[in-house]
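Trainee: I would like to see how this sequence folds:
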Amino acid sequence: MYIRIRERFGAKTLTKQDTLRSMLSYRNQNIFTITAFIGDQTPNKRNIHYWTNFLNQDTPILQGTERIAKKMDQAVVYVYMRKIKRGYYEVEFIPLFDKPKQTNEFEITEKHTRVLEEIIKSEPAYWLWSHKRWKHKR
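Mentor: Just a heads-up that it's a prediction; the model follows:
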């Protein structure tokens, strides 16, 4: 159902295993793409490489976006969608980094986390609280 919803306007949903390969293929074919990563998941235990304080909790953070942005040297932009009223949304594109290869390790991940945290604090009712963000302990 989620794949159908996400692809109904022509987007293509990729598994995390196929993401980089597909991005490289599109680039090699000179096909313009915009890649969106949905950062709502907790890493499994073997993929925890970075912890930070998020909403006053010690939290493991996935690094796929940072790794791919650096490998592809593509700009990182946070897309903030806010609800105006039922059925009406406003989208703001917040540039985070133009040159990811020039950033320090974890800098992209940390900046994204801080932006997300500020948005959640400003509008907590719109964040999905049901997922298990804090199921792992350091």
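Trainee: C-alpha from now on. contacts and neighbour counts both.
Mentor: Noted.
Trainee: what does stretch 23-40 rub up against?
Mentor: Contacts to stretch 23-40, defined as CA atoms under 8 Å, 6 or more residues apart in numbering, come from residues 62, 65, 72, 131, 133.
Trainee: quick one: which of these sit in helices?
Mentor: Applying DSSP state H to the contacts of stretch 23-40, the entries found in helices are 65, 72.
Trainee: now which of the contacts of stretch 23-40 would you call buried?
Mentor: Those of the contacts of stretch 23-40 that meet the buried threshold are 62, 65, 133, by 16 or more other CA atoms under 10 Å.
Trainee: quick check, nearest of those residues to residue 56?
Mentor: Using CA to CA, residue 133 comes nearest to residue 56 of those, at 12.3 Å.
Trainee: the closest one - nearest residue in space that isn't next to it in sequence?
Mentor: Computed as CA to CA, 6 or more residues apart in numbering, the closest residue to residue 133 that is not its neighbour in sequence is residue 42, at 5.5 Å.
Trainee: ok so, going back, min pLDDT across the contacts of stretch 23-40, which one?
Mentor: On pLDDT alone, residue 131 ranks lowest of the contacts of stretch 23-40, at 65.
Trainee: for the chain, what helix or strand is lowest in average pLDDT?
Mentor: Ranked by mean pLDDT, DSSP states H and E, the weakest helix or strand in the chain is helix 2-7, scoring a mean of 86.
Trainee: buried set for the helix or strand just after it?
Mentor: Downstream of helix 2-7, the next assigned helix or strand under DSSP states H and E is helix 16-28. Buried residues in helix 16-28, defined by neighbour count with 16+ other CA under 10 Å: 19-20, 23.
Trainee: quick one: which of these is nearest to residue 108?
Mentor: Nearest member of the buried residues of helix 16-28 to residue 108, counting by CA to CA, is residue 20, at 17.5 Å.
Trainee: quick one: that closest one and residue 69 touch, right?
Mentor: No: the pair residue 20 / residue 69 is not scored as a contact, 9.8 Å apart, by CA atoms under 8 Å.
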